[in-house]
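Engineer: Below: sequence and its predicted model.
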Amino acid sequence: MTAPTTSRRLTGESRALEPRSGGGRVPRSVRRGRPRLFTRYAADQALLNSPAKRWWTLAALVLALALPFLVARDLTHLVTTAIAYAIAGIGLNLLTGYAGQISLGHPFFMALGAYTAAVVGGRPGTVTWGLELDLSLALLAAAVVPAVVGLVVAPLATRVRGLYLAVLTLGLLMLGEQLFKQWAALTGGSGVGRAGAIPVLFGSDLTRTYAVGPLLVTPETGLYLLALVLLVVLGVAARNLARSRTGRAFAAVRDRDLAAEIMGVNLLRTKTLAFVLSSAYAGVGGALLAILIGRVTPEQWNILMAINLLAIVVIGGVATITGTLIGAAFVVLMPRVLEWASEWLPFVSTGSDGLLNVFQLQSMLFGVLIVLFVILEPRGLFGLWQRVRTYFRTWPFSY
Amino acid sequence: MNVLPTAIISGLGTGAVYALIAVSFVVIFRATGVLNFAQPGLLILGTFATSVLAVDVGLPFAVAVALAVLVVALLAAGVERVAIRPMVGRGMFPTALVTVGVFIVLLILAFRLFAAKARTVADPWQLNQLCLAQGDGTCAVPVYHYTVGRVVVAAVVLVLLGFWLTRSRTGLAMRATALDQEAAMAQGIDVGRMFSLSWALGGGLAALAGVLLASTGSVVQANDALFALVALPALILGGIDSFRGAVVGGLVIGVVTAVTAAYQPVHAPWLGPNFENVVPYVVMIIVLLIRPYGLFGTREVQRV
């Protein structure tokens, strides 16, 4: 009888507060206007731990579902691209933000996922393989194969730390690029590339337009909804992982791996798990991205993409899932916004005659933003949002 | 033509440049604890400045190089003051990311300045060769003048740098800063000035390396900045905080790359074209497997 009691203590729930023994139940009149009153640890740690969060999440979901029917088709496509980046970014955030292992090799795993999906779910070409299976199988394979490769690479990566790891993963990226360039049966070869998986999900072809009641589901919308479902499932899974025992082990390893090891965290297992999970996320993101782009060459998954992904994690917010979504939206949508704004900026030209063209301005602004964000707001866009939230929550007091 | 000696000698030339770049990384890393990913940007701007001064203005090559090195050193010190100084005490990873941001800005600047034009640096070596060993009728072991130039310049600069760091008062102050910033401050050393100085030094070395890299008698483009990334495996191979390691790593990477480029297309064509570009990373990964802190790197002492 003693053993269960001890284990129950460890869950953080005091028996006096358990609903069964009469505790923990706070009258409605007391709870009203006090959304942050938690009487149980589980309620405090819940994903949506306040009514405001529940309502806003619901509103965001409704808006996300309605979005493709409200905006132009090319904008839907762009948002879908942002979602693909967000999925890969969540993977990198698990590894870099939560577990503290810097990786510049993330695009390698994205490429692996993209080409695996293309082989399983794509059409065979003159040199390339293709099994023409269903997209669900292709996406599954795109998660499993990078995860297995991550499992193979992880023991090597767990040996080195810090900046050594960053350059080691950069080496992985370079070697991977060489491999993909050579392996034409998988990738279509250097400079040629191949198409992504055919978007046929559970037998229904997403390249056709369907009419569902009064709504018209265009190919863009179909892909968008698929990506959205994947994002929600994978995002919630990551959030759940982050607040679990494994998530706490990740954080302990990030903050001080030696201390974590002394406290009984198995370093090899934890770091390997982080690598495997992040590779799987990267694979799914890469597979989606390949379908969206249409044709992917081995040269595409380069160091610039690695920098983009790191920027998504840092600008969005290190070790936050919501932040990664904001970061991905920011990085992917910013070029469009700048293009639109460049009409009013005097020193920017769309041709090559002005001081800077749009592309150069984008890249330069991108660099400047990384510098500014890291210096001024270490917690990224999500930190900015937190500040706003705290301001209104504590109003009229400053803290 | 005798393949192996030719490859080794030209590899030593490239390796000397890699060593110079790797040392420029080490100078900055030791003083400020920052792995400066912006080095390629500084390198290409040094090349550009030399090209402008030597070709467009018409200054003598040596004067142009000296001025360009000075300009880039000032630029690097400015970057340190604006972007890196606020990051003191904020950890390695965020600071490295700031330098990535600076790298993007500098690279775009370089692309804009070069404006898709290929430039030369008007070096005195061009494509002249000297001959080490005569074969039957042709030269068996040809050596380009620029290879000799690279090795000599890099050696002289590195020896001078070593002397300056070990013998001069400022060098001592810099080493003290690298060892322990607070203790150095307590001894009356202006740590901030040492930071600026190390960045200026690192920037100047990168600019010089850029000129040496470009002085092959052919043209140079903004894209060539990415050659500096090859110095990263050299740096890691030797150990991120070791001058000796940087030199050894640079030379090893240079020679291995050249030998691979000479033999791999014939003996192992299945590895694909341009395999020599990834060989540095292969060497680095193998070394890291055996020694996680490189050949000469300091093993990190951890306290809880």
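Structural biologist: Alright, I've got the coordinates. Values in this document were obtained by computation on a predicted structure and should not be read as measured data. Residues are numbered from 1 along each chain as shown, chains lettered A, B, ... in the order given.
Engineer: And the strands in the stretch 1-150 of chain B, which stretches?
Structural biologist: Assigned by DSSP state E, counting those that start in this stretch, the strands in the stretch 1-150 of chain B fall at B:129-131, B:142-144.
Engineer: between those strands, which one is nearest to residue A:319?
Structural biologist: Residue A:319 lies closest, by Cβ to Cβ, to one member of the strands of the stretch 1-150 of chain B: strand B:142-144, at 51.7 Å. (Glycine included, C-beta is placed from N, CA and C.)
Engineer: What pairs with that closest one, parallel or antiparallel?
Structural biologist: strand B:129-131 (antiparallel) (DSSP bridges).
Engineer: Give the buried residues for the strand it pairs with.
Structural biologist: By 16 or more other Cβ atoms under 10 Å in any protein chain shown, strand B:129-131 has no buried positions at all.
Engineer: for it, the distance to its chain's centre please.
Structural biologist: Relative to its parent chain, strand B:129-131 has a centroid offset of 26 Å by Cα atoms, centre = their mean, to the nearest Å.
Engineer: Quick check: closest non-adjacent residue to the residue in the stretch 151-300 of chain A that chain B sits nearest to.
Structural biologist: Closest approach between the stretch 151-300 of chain A and chain B, counting by Cβ to the nearest Cβ: residue A:171, at 3.5 Å. Spatial nearest neighbour of residue A:171, chain neighbours left out: residue B:281 (3.5 Å); criterion: Cβ to Cβ, 6 or more residues apart in numbering or on different chains.
Engineer: again with residue A:30
Structural biologist: In space, and not counting its chain neighbours, residue A:30 is closest to residue A:37: 7.6 Å by Cβ to Cβ, 6+ apart.
Engineer: My guess is the one you found contacts residue A:28. True?
Structural biologist: No: here residue A:37 does not reach residue A:28: they are 11.5 Å apart, not a contact under Cβ atoms under 8 Å.
Engineer: Could you check which of these two is surrounded by more residues?
Structural biologist: Neighbour tally, residue A:37 and residue A:28, criterion other Cβ atoms under 10 Å in any protein chain shown: the higher count belongs to residue A:37, 13 against 7.
Engineer: gap between the more buried one and residue A:46?
Structural biologist: To residue A:46, residue A:37 is 13 Å away according to Cβ to Cβ, to the nearest Å.
Engineer: what's the answer for residue B:134, then?
Structural biologist: Here the distance between residue B:134 and residue A:46 works out to 83 Å (Cβ to Cβ).
Engineer: in the stretch 151-300 of chain B, what residue is nearest chain A?
Structural biologist: At 3.5 Å from chain A, residue B:281 is the closest residue in the stretch 151-300 of chain B, using Cβ to the nearest Cβ.
Engineer: got the residues of the stretch 151-300 of chain B near chain A?
Structural biologist: Counting by Cβ under 8 Å from any Cβ of the partner chain, the stretch 151-300 of chain B comes close to chain A at B:229, B:232-233, B:235-236, B:240, B:270-272, B:274-275, B:277-278, B:281-282, B:284-285, B:288-289, B:292-294, B:300.
Engineer: which of those are buried?
Structural biologist: When those are checked for burial by 16+ other Cβ under 10 Å, the buried set is B:229, B:232-233, B:235-236, B:240, B:271-272, B:275, B:277-278, B:281-282, B:284-285, B:288, B:292-294.
Engineer: For the spatially most central residue of chain A, give me its contacts.
Structural biologist: In chain A, the centroid-proximal residue (Cα atoms, centre = their mean) is residue A:90; its distance is 2.4 Å. By Cβ atoms under 8 Å, 6 or more residues apart in numbering or on different chains, residue A:90 lies in contact with A:234, A:235, A:238, A:281, A:321, A:324.
Engineer: Surely the fourth one touches residue A:84?
Structural biologist: Just to be clear, that refers to residue A:281. No: using Cβ under 8 Å, residue A:281 is not in contact with residue A:84, being 11.0 Å away.
Engineer: who has more neighbours, those two?
Structural biologist: Set residue A:281 next to residue A:84 and count neighbours by other Cβ under 10 Å: residue A:281 wins out with 31 against 27.
Engineer: Look up phi and psi at that one.
Structural biologist: With angles defined as degrees, to the nearest 10, residue A:281 sits at phi -60, psi -50.
Engineer: which residues does it contact?
Structural biologist: By Cβ under 8 Å, 6+ apart, the residues touching residue A:281 are A:87, A:88, A:90, A:91, A:92, A:94, A:143, A:234, A:238.
Engineer: Distance-wise, check the fifth one relative to residue A:281.
Structural biologist: The gap separating residue A:92 from residue A:281 is 8 Å, by Cβ to Cβ.
Engineer: same check, this time on the first one
Structural biologist: Between residue A:87 and residue A:281 the distance is 6 Å, computed by Cβ to Cβ.
Engineer: which neighbours do these two share?
Structural biologist: Common contact partners of residue A:87 and residue A:281 (Cβ under 8 Å, 6+ apart): residue A:234.
Engineer: Reduced to three states, what does residue A:278 come out as?
Structural biologist: Using DSSP: H, G, I helix; E, B strand; the rest coil, the three-state assignment for residue A:278 comes out as helix.
Engineer: For burial, what's the neighbour tally of it?
Structural biologist: Using other Cβ under 10 Å, the number of residues around residue A:278 comes to 28.
Engineer: rewinding a little: surely the residue nearest to the centre of chain A is in a strand?
Structural biologist: No: Residue A:90 sits outside any strand when classified using three-state DSSP, being helix.
Engineer: how about the nearest residue to residue B:283, chain neighbours excluded?
Structural biologist: Closest residue to residue B:283 apart from its sequence neighbours, by Cβ to Cβ, 6+ apart: residue B:256 at 5.8 Å.
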